[in-house]
Each structure stands twice: as C-alpha cells, then as structure tokens.
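**Q** Below: sequence and its predicted model.
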Amino acid sequence: MLNPDAKLNPHLFDDDVAQAPTRNGYGEGLVAAGDANPNVVALCADLTESTRVEAFAKKFPERFFELGVAEQNMATVAAGLGTSGKVPFISSYATFSPGRNWEQIRTTIAYNDANVKVAGHHAGISVGPDGATHQATEDIAIMRAMPRMRVHVPCDAIEARKATIAAAQTWGPAYLRFQREKTPIMTTEETPYVPGKAEVFWLPGNGSGARGAKKPDVLIVGCGGLVFHALLAARTLEEEKISAAVLNVHTVKPLDEKTIVEWAKKAGAVVTVEEHQIVGGLGGAVAETLAAHAPTPIEFIGMHDTFGESGAPDELLKKYGMMPKDIIMAAKKAIRRKQ
Amino acid sequence: MESLTAQKLESLALMANRLREDVITMVSRAGSGHIAGALDMADIFTAMYFHILNHDPKRPDWPDRDRLVLSNGHICPVYYAALAHAGYFPVKELETLRRLGSRLQGHPHRGALPGVETTSGPLGSGLSQASGIALAARLEGKRYQVYCLTSDGELGEGNYWEAAMFAGKNRLSNLTVFVDRNNIQIDGFTEQVMPLEPLAEKYRAFNWHVLEIDGHNFEEIAAAAAEAKAIHEQPTVVIAHTIPGKGVDFMENDYLWHSKPFKPGEAEKALKELRSLKGKIIAEG
C-alpha cells in the first residue's frame, strides 16, 4: 500500500495521472531560489529553453549568463563566481555537463570547494530519439565518485523543484539530475523532502506507518522517474501475495544507508531501479552499502554495460528492461536467491 | 601604486633574485617540481606582490583585495615564495613543499594556504575562473582588479579560448591577463609543438586590448598593469616575453628544464650563480 506518511498523490494509479518533466520542476525551483537569494545566478550553454532556465533568465536578466556552446567554460566561470560569494547553477545536457567538463568540475568546483550546482538534463535513455550520444547513463557514477559532491535524482517535477531549492540553500557542490520526458507526478507538496533522507513510498501488506509495517518479501530501491514503475510493480506483486517495500532514494549521495540497511534486513532481497548504468549508479551505491552492512541478494534494473540508441522513450524502456514487469521478474529472482 | 624610484627598483630586483633562490632550494629539496617557468615568472610575481596588487597579507579574505589567479599551477614554487615573503605565511614553511601534511601542495589548493585564490594545475581553466571572479566583482559593484597569470603552453587548451571569448563578450575590463611567453613547454618549443603565433592577433580577434612587454623589466610590467587598469571597455592581455630559466645561465632557454629534476651539484651551481647576481644588483644599485 502507498505509505500514508509519504502523502503521495492520491491519483497516482489513475490512468490520467498528472504528468510533467522533472526539468520543469528545476525551472520553477530556480526561480524560487532566485527570489529567495539575490546571490543565486544561472549560467547556460545554448540550451536555455530546453533546460528550463528561460524563466529565471527573463525574471533576473542581470543574473543570467549565456556562455554559448562551451560547457568547460561554463563550469569554470561558475567556479570563479562560486568562490566569490555567488550561488551559480549551471545547466546543460548531462552528457555534456558533467560529461564533457568533468575534470573542470572535479578540480575547480569539487576540490576547489566552490558553491556551484550542476544541473544535468535529458539524463537516462528516455530522452529517446536523439540516441546514445545524448543519453547520459554514466553521470551518477562519475559524480558520485567525486569527493564532496552531492548527487540528487528527483523522482518527479514536484520533488525536482524541492531538490533545486534545497540545493540553493545547502552550501557546497551538488549535482542535480533531470529528465526530458513527462513522468507521473507521484508526490505532493506535503510529501516529506529532506536531502539525504530516503522516503518509503510503498509499505508491505497492511502495515500502518513506516515503522509498524510488516516485513516485506522484497525491497525495491529506486530513483528518478522509474520510481513510478517500481510502485506499479509493488502493487502487482501484492496482488500476487508477494509483499514489497519501495524506497525513493532521491539523494544518491550522501546515501541514506541507515534506511536502506534497515529495510534490506527486513526484506532479505533487494531490487535496484534506475535509468543509468548499473555500474556505479544507484545499484552500485546500494550494493556497496549492503555488502558492508547487510549482505543481501540484489538484482539490478538499469543499463547493463551497454549504450542506448534512438527510439521512443517507452520502446527504449521496454527494450532495456525497465518496465514494471521487468522489476517484478527481478523481484522474484531476488526472492528465490534468499537462503 | 607607488612610483618606481631607483631604490624601489633595486629592492624589487633583490626580491626577484631571492624568489629565484627559493625556487631552486625548494624544488631541489622536494626532489621534483617545475623550475624554468617558476624562474622566468619571478619578476612578474615580485612586481605583483610587492608593487601592483592592492592586498593585505594579514587579511587574506579582505573582500576588496585584488585577486591574483595562477592558471598554470605547476609554477607554484615561485607563487609560494612570493606569498611567503609578502607575509601570508612564514618563509620557513617553504621548506615543506610537496611533503606529506604540507600546506604547500604540489599544485596550489585554495583553502590549504592563505593567499591562494583558487585551485589550479590542470591547464587552461584559470582564465575562466578569473572571468567568473571579475563577473562577481561587477555584480557586487566592487572595484578590485582580477589578474590572471597563464603560461603559453596551456594556450593549447580549448577551455582557455572559450574563456577568452567570454571575457571579450562581457567586456571584463577589470580583468588583466599576463601570459608568460617563454616559448617552451614539456615536449619542446611552443612553435614546434603547436604554434601560437600570431598570438597578439588572436587576442585582438577576441576583442581584447593587447600589450607586449619584456617580462623581466619592472617598469614595463608596472606600466602595463597601469594601462590595463585604465582601459574600460575591454579585458587586457599582457604578453610578457620571458626567458625560461631566467637568472641561471645553464638553464636559460633550455626547454628540458620545464620539469626535469636537478642532478647532484646542479642546484648548488644555480644558487651560486644567483648569489653572484645578487652582488651585481647591489653593486650596480
């Protein structure tokens, strides 16, 4: 059942559930952050509309800087601003930023401790027809490996807005990952959002409240828009008398190890779900944590060491095994591996 | 800036010579490091920290200080020596270069050492950071100057020219770049490795104000900084022609000294030469 404490969208499972791209939430959050703090500035590299920086640029033209197609310069100019009292947000597609400018981010933002927020857009394979060159499936891994860098992967547009505002309020380097396509609105304004704190979205059986819930047969840990598929999978599993818990891990770093370990111990079997390589992403992070604290069978939903390709978003999610039925199969496999 | 009297010029020459001695001692003691560029930039670092910069070593975080961004971080021995003699930290600490636990990292790190404005080492990204700092000054209505020191070899980086375009577009007149035009890089002479000429024309094409000077002449360095400050519509680049390894005869103009370590006796030989140079400066003064 949906966790009542999470105060999720009551129309979540309706056929006409409201949808919006997470990048829209970024655009709204950026304006809100700009309203709240005059030191917030935005930099963009010729993708102002599609990264949703346009609203900020219109409202605060003196705090918006167009860099042209120059992601390395965008990161390093932001570093200079970020060490001089400003709170710069840099925006481009994730394959270019933090892809192309990774070293600049590492040296001049993370190691240099500059207060810069990196917004990587059009992440995952669901960006679709543009093909593998524009489908970032390694960005969580390369940012997660960087000391000092926080990594946020919001699950819907509302959470994306909250994550953006929170990033502006939290001192230090951060990476925010957004998707191009519309995804279902799972959360509400009332849904708790604390950076670094995973939220239980689905409770096993008929337990009431996260603490009082009965033990699940499997724990599904997800991030980004695919959390919706995780919820659909959990609902179907319950119909099949298999109880599941679903955790929304909107902050991949610092990872909420406590909550993940606690639920993994209860379940004894885990499935991770992400639109990213299973190497180094959320799956890798969960595996590292559980190997250290609670060794548990894990099945991984994500890209299995392969590039994407052109196609419609749903076609690609089907082809690369990220649909609810794939999560259900993975859950059953993980359960079978319990000793 | 105070005027450059004969007495001041002598004190600058002696300080530059002292920085060169420190560079030789530091790199020799550390067993590794980059010498040629550090030696040839000693005059510009001296001019900066002891004549041009509006700064206060006792208050390294003073918001109105002029900023100096070193882009080619590998020449940091001379940077550290200048900071120490200016009073940012004890001169004795120069001995710790590249050692475990030292604040004098192999390449400069912001936060590790007072006076270091930004982390650098990977080449070609200092100008962008200096541009960001210059932009922040403009947003804040601050009047401080931003100086960026770069090598010539690092002008091969694409990031550098992205920044050059950006500074030109935004007319960052509070930004002045000194290019160490010593014509050498690790693999050889710049014009053989990857030609940069016509360099001045490149900057003009990017809408910069361009000056060329003798990078070992204090009067020319100071005049260039003053002119740059007076230019209000463009960023300024000062192409400073220097002699790599300047001050040590057997190192001058030999690209191998960009980064090669000393063999036994070589550091002593270099120091001996610099000490006799010191005597010459005093005698001529």
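**A** Cool, got the structure.

**Q** ok now do A:Val118, which residues does it touch?
**A** Contact analysis of A:Val118 by C-beta atoms under 8 Å, 6 or more residues apart in numbering or on different chains lists A:Ala75, A:Ile90, A:Ser97, A:Pro98, A:Ile105, A:Ile109, A:Met143, A:Pro173, A:Ala174, A:Tyr175, A:Leu176. Yep, even glycine has a C-beta here, placed from its N, CA and C like the rest.

**Q** so the fourth one makes contact with A:Asp139?
**A** Yes: the pair A:Pro98 / A:Asp139 is scored as a contact, 5.9 Å apart, by C-beta atoms under 8 Å.

**Q** okay, those two: which has more neighbours?
**A** A:Pro98 (30 against 27; other C-beta atoms under 10 Å in any protein chain shown).

**Q** Give me the distance between the closest residue to B:Gly156 other than its chain neighbours and chain A.
**A** Spatial nearest neighbour of B:Gly156, excluding adjacent residues (C-beta to C-beta, 6 or more residues apart in numbering or on different chains): B:Met194 at 5.1 Å. Taking C-beta to the nearest C-beta, to the nearest Å as the measure, B:Met194 falls 18 Å from chain A.

**Q** Show the model's pLDDT score for B:Met194.
**A** On pLDDT, B:Met194 comes in at 96.

**Q** picking that back up, spell out which residues are contacts of both of A:Pro98 and A:Asp139.
**A** Both A:Pro98 and A:Asp139 are in contact with A:Gly120, A:Tyr175, where contact means C-beta under 8 Å, 6+ apart.

**Q** List the buried residues of stretch A:194-205.
**A** A:Pro195, A:Gly196, A:Ala198, A:Glu199, A:Val200, A:Phe201, A:Trp202, A:Leu203, A:Pro204 (16 or more other C-beta atoms under 10 Å in any protein chain shown).

**Q** Between which two of the residues you listed is the distance greatest?
**A** Taking every pair in the buried residues of stretch A:194-205 and measuring C-beta to C-beta, the maximum separation is 26.0 Å, between A:Pro195 and A:Pro204.

**Q** what's the longest helix in the chain?
**A** No chain in the question, so chain A it is. helix A:22-36 (DSSP state H).

**Q** To clarify, I was referring to chain B.
**A** helix B:6-30.

**Q** What's the mean pLDDT across it?
**A** pLDDT averaged over helix B:6-30 gives 97.

**Q** Output the contacting helices and strands for the helix or strand just after that helix.
**A** Toward the C-terminal end, the helix or strand that comes next after helix B:6-30 (DSSP states H and E) is helix B:36-40. Applying 3 or more C-beta pairs under 8 Å, 6 or more residues apart in numbering or on different chains; DSSP states H and E, one finds that helix B:36-40 contacts helix B:6-30, helix B:76-86.

**Q** need the ones you listed in JSON lines with distance to A:Val116 and mean neighbour count, can you?
**A** Shown next, in JSON lines, are those (distance: least, C-beta to C-beta, whole Å; neighbours: other C-beta atoms under 10 Å in any protein chain shown):
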{"stretch": "helix B:6-30", "distance to A:Val116": "32", "mean neighbour count": "20"}
{"stretch": "helix B:76-86", "distance to A:Val116": "24", "mean neighbour count": "26"}
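
**Q** Same list (those helices) but as TSV, adding distance to B:Glu273.
**A** TSV is the format used below for the helices and strands packed on helix B:36-40 (distance: least, C-beta to C-beta, whole Å):
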stretch	distance to B:Glu273
helix B:6-30	9
helix B:76-86	17
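
**Q** quick one: which of those helices is nearest A:Val151?
**A** helix B:76-86 (31.4 Å).

**Q** On the C-terminal side of the closest one, identify the next helix or strand.
**A** Note on helix B:76-86: by DSSP H and E, the next helix or strand toward the C-terminus is helix B:126-140.

**Q** Using CSV, write out every CA atom in the longest helix of chain A.
**A** C-alpha atoms of helix A:22-36 as CSV (Å, rounded to 0.1, in the frame of the first residue of the first chain):
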residue,chain,number,x,y,z
THR,A,22,11.4,16.9,-13.9
ARG,A,23,13.2,19.7,-15.8
ASN,A,24,10.0,21.8,-15.3
GLY,A,25,10.4,21.4,-11.6
TYR,A,26,14.0,22.6,-12.0
GLY,A,27,12.9,25.7,-13.8
GLU,A,28,10.4,26.6,-11.1
GLY,A,29,12.8,25.8,-8.3
LEU,A,30,15.5,28.0,-9.9
VAL,A,31,13.1,31.0,-10.0
ALA,A,32,12.1,30.3,-6.4
ALA,A,33,15.8,30.1,-5.4
GLY,A,34,16.5,33.3,-7.2
ASP,A,35,13.6,35.1,-5.4
ALA,A,36,14.9,33.9,-2.1
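
**Q** quick one on the thing from earlier: out of the contacts of A:Val118, which are close to chain B?
**A** A:Ala75 (C-beta under 8 Å from any C-beta of the partner chain).

**Q** Pull out the buried residues from the contacts of A:Val118.
**A** With neighbours counted by 16+ other C-beta under 10 Å, those contain buried members at A:Ala75, A:Ile90, A:Ser97, A:Pro98, A:Ile105, A:Ile109, A:Met143, A:Pro173, A:Ala174, A:Tyr175, A:Leu176.

**Q** Please tell me I have it right and the second one contacts A:Leu47.
**A** No: taking C-beta under 8 Å as the definition, A:Ile90 is not a contact partner of A:Leu47, at 10.9 Å.

**Q** Mind putting the buried ones among the contacts of A:Val118 into TSV with secondary structure and pLDDT?
**A** TSV is the format used below for these (DSSP: H, G, I helix; E, B strand; the rest coil; pLDDT from 0 to 100):
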residue	secondary structure	pLDDT
A:Ala75	helix	98
A:Ile90	strand	98
A:Ser97	coil	98
A:Pro98	coil	98
A:Ile105	helix	98
A:Ile109	helix	98
A:Met143	helix	98
A:Pro173	coil	98
A:Ala174	strand	98
A:Tyr175	strand	98
A:Leu176	strand	98
